[in-house]
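Asks: Output the structure for:
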Amino acid sequence: MSFKITPDLITLQVYCDRNVPEVGALLTLEKFSGGQSNPSFKLTTTTGELVLRRQPLGHLLKSAHAVDREYKVIRALQSSNVPVPKAIHLCTDKEVIGSQFFIMSFVTGDIFWNAALATLDERPCFGESPNSKRAKIYDQMNLALVNLHRINPQDVGLAGFGRPGNYFARQLDRWTKQYIAAKTEENHNAEFLIKWLGENLPDDDGLISIVHGDFRLDNMIFSQDSQDLCAILDWELSTLGHPYADLAYQCMQLRLPANMGNVPGLGGVYREELGIPSEEDYVALYCERIGIDKIDNWQFYIAFSFFRLLSIVQGVVKRGKDGNASNPKALELEHLLTPLSNLAVRAIKEDY
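Replies: Residues are numbered from 1 along each chain as shown. So this is what the prediction gives:
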């Protein structure tokens, strides 16, 4: 049986009637334009608006696009102080629409795609300056990350959500294998980076927490009027791991050049003029809130984060070349592969 990336509404209705009747009659299904990984759809029903998130079609790399794990962690965090959509239903039967999928609530609000938050300059202030709004958004992200890392996995039913041992050793092995499996061109800096990371792997310090895995601005929804964080999205890479991985990954994203196109960061931007904290201040606030003095081996964590993003982008490009990418613009990311590897090598020689 052949399937299309947009699920058949009649087939989906039959399944929902039998397994999740509370969603009501299905009216429309519209694919969201953003995102490069698991295709997501706005599902309008007689009971309201929902989101359906599925795996892409075609051959999937091992452990990639794990919507079942994504659903599990969202469900586990329902009663926590980490904002997530309401988890409604998970379907693991791939014969329904061609892959696993889950349904969650639709959260209204703003998703910002540019780290400089320039769109806030165009809105009415109502007594609050754009800079103070930007500062609040970054503070909200910082606090949410601290709250996530403070949760005891056992308390929310996630004690077995990850493997024991050195998290970064496992992650380096995973992303190296995925990079090699998806490689479409030679990249000498990437090869150097894999070698350097292996030789400079920090000793396991025993820290473990729930990690989001893709903690960045455009995976969050903020209130349009108060800039409060309403929901954190895209948990497919979540696991039990080292908390510094999330923090370094977010800071790495902000090091990307502001003119990088698909993934603009704050490189070359004078953050203070925008009310956005420096990387050093952002990390210091995290340390203060989590109760530590500082983070050692910061260059490793940043360089690893660059390599991880490089591997993710390489996977998207490979799916684009194979014709099964979630986003039709997947191949446009190919031009990022060399700059990302260059930035990773540069990070080895820098601190903040």
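Asks: ok, the spatially closest residue to residue 192 that is not a sequence neighbour - contacts?
Replies: Distances taken as C-beta to C-beta, 6 or more residues apart in numbering place residue 345 nearest to residue 192, at 6.5 Å, with adjacent residues excluded. The way it works is simple: take the backbone N, C-alpha and C, and place the C-beta from them, glycine included. Counting by C-beta atoms under 8 Å, 6 or more residues apart in numbering, residue 345 touches 189, 192, 193, 303.
Asks: How many residues are close by the third one?
Replies: When counting by other C-beta atoms under 10 Å, one arrives at 24 neighbours for residue 193.
Asks: Just the pLDDT for it.
Replies: With respect to pLDDT, residue 193 scores 94.
Asks: The helix or strand harbouring it packs against which elements?
Replies: Residue 193 belongs to helix 188-199 when assigned by DSSP states H and E. If you count contacts as 3 or more C-beta pairs under 8 Å, 6 or more residues apart in numbering; DSSP states H and E, helix 188-199 packs onto helix 167-182, helix 298-322, helix 337-347.
Asks: Run the chain-centre distance for the last one.
Replies: In this case it means helix 337-347. 20 Å (C-alpha atoms, centre = their mean, to the nearest Å).
Asks: And that helix, what's buried?
Replies: Residues of helix 337-347 classed as buried by neighbour count (16 or more other C-beta atoms under 10 Å): 337, 340, 341, 343, 344, 345, 347.
Asks: quick revisit: need the buried ones from the contacts of residue 345 selected in PyMOL.
Replies: PyMOL command restricting those to the buried ones, with burial defined by 16+ other C-beta under 10 Å:
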select buried, resi 189+193+303
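Asks: And the helices and strands packed on helix 188-199: which comes nearest residue 44?
Replies: Closest of the helices and strands packed on helix 188-199 to residue 44 is helix 298-322, at 28.0 Å (criterion: C-beta to C-beta).
Asks: What residues of the closest one count as buried?
Replies: 298-320.
Asks: repeat for stretch 162-180
Replies: Neighbour counts using 16+ other C-beta under 10 Å place 162, 166, 167, 168, 170, 171, 172, 174, 175, 176, 178, 179 of stretch 162-180 among the buried residues.
Asks: From these, pick the one nearest residue 198.
Replies: Nearest to residue 198 out of these is residue 172 (C-beta to C-beta; 6.5 Å).
Asks: Skipping adjacent residues, who's closest to that closest one in space?
Replies: Distances taken as C-beta to C-beta, 6+ apart place residue 197 nearest to residue 172, at 5.5 Å, with adjacent residues excluded.
Asks: Quick one: residues contacting the one you found.
Replies: With contact set as C-beta under 8 Å, 6+ apart, residue 197 has these partners: 172, 300, 303, 304, 307.
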